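Chemist: let me see the structure of the following:
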Amino acid sequence: MIALAFDLVAIGILFSLFVTVLLVLGIVTFGLTWYLIPPLFPAIALFYNGLSISGPRMATPGMRAMDLEMRHLDGRPVSFLIAAAHAVLFYLSWSFLTPLILLVSLLSGEKRCLHDIVAGVIVTRRA
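Modeler: The predicted structure follows:
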């Protein structure tokens, strides 16, 4: 949960920077760029997770701070598409299925969350 909080703060900072730029550009474009603001947070979160998890460290900055990494079940590194799909599944489960869906990890024998099971990944401590 601490890794998630760290990553949400980082995504929020990136979002604030982009919104500032879009607000300034909105003055020049008579408000047309302001229509880009609503989908901006999910887009930033998608690329933040996809690029950082599929990178060489196989973890978001929050996951690295907590000494975690994400891999496929067979140990391979996760691709950008799987990492981005995992992020979408996580945010959808958090938004629509309530945070109670995270209790699946307490009942699962492998201690994996539902979005990890669907994406076919496992989050482990770094070796």
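
Chemist: so which elements touch the worst-scoring helix or strand of the chain on mean pLDDT?
Modeler: Ranked by mean pLDDT, DSSP states H and E, the weakest helix or strand in the chain is helix 104-107, scoring a mean of 79. Applying 3 or more Cβ pairs under 8 Å, 6 or more residues apart in numbering; DSSP states H and E, one finds that helix 104-107 makes contact with helix 114-119. (Glycine included, C-beta is placed from N, CA and C.)

Chemist: how distant is the helix it packs on from the center of its chain?
Modeler: 13 Å (Cα atoms, centre = their mean, to the nearest Å).

Chemist: what helices and strands are in contact with that helix?
Modeler: Counting by 3+ Cβ pairs under 8 Å, 6+ apart, helix 114-119 packs on helix 80-96, helix 104-107.

Chemist: distance from the chain centre to the helix or strand harbouring Val19, please.
Modeler: Using DSSP states H and E, Val19 maps to helix 2-28. Distance of helix 2-28 from its chain centroid, counting by Cα atoms, centre = their mean, is 14 Å.

Chemist: ok, stretch 46-58 next?
Modeler: Distance, centroid of stretch 46-58 to centroid of chain: 9 Å (Cα atoms, centre = their mean).

Chemist: low-confidence ranges in this structure?
Modeler: In the predicted model of the chain, residues 97-99 satisfy pLDDT under 70.

Chemist: let's see that with 50 instead.
Modeler: Scanning the chain with the threshold set as pLDDT under 50 gives no residue ranges.

Chemist: can I get the helices and strands packed on helix 114-119 in JSON lines including mean neighbour count?
Modeler: Listed next are these as JSON lines, based on neighbours: other Cβ atoms under 10 Å:
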{"stretch": "helix 80-96", "mean neighbour count": "17"}
{"stretch": "helix 104-107", "mean neighbour count": "12"}
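
Chemist: would a markdown table of those with distance to Ala59 be doable?
Modeler: Formatted as a markdown table, the helices and strands packed on helix 114-119 follow (distance: least, Cβ to Cβ, whole Å):
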| stretch | distance to Ala59 |
| --- | --- |
| helix 80-96 | 10 |
| helix 104-107 | 18 |
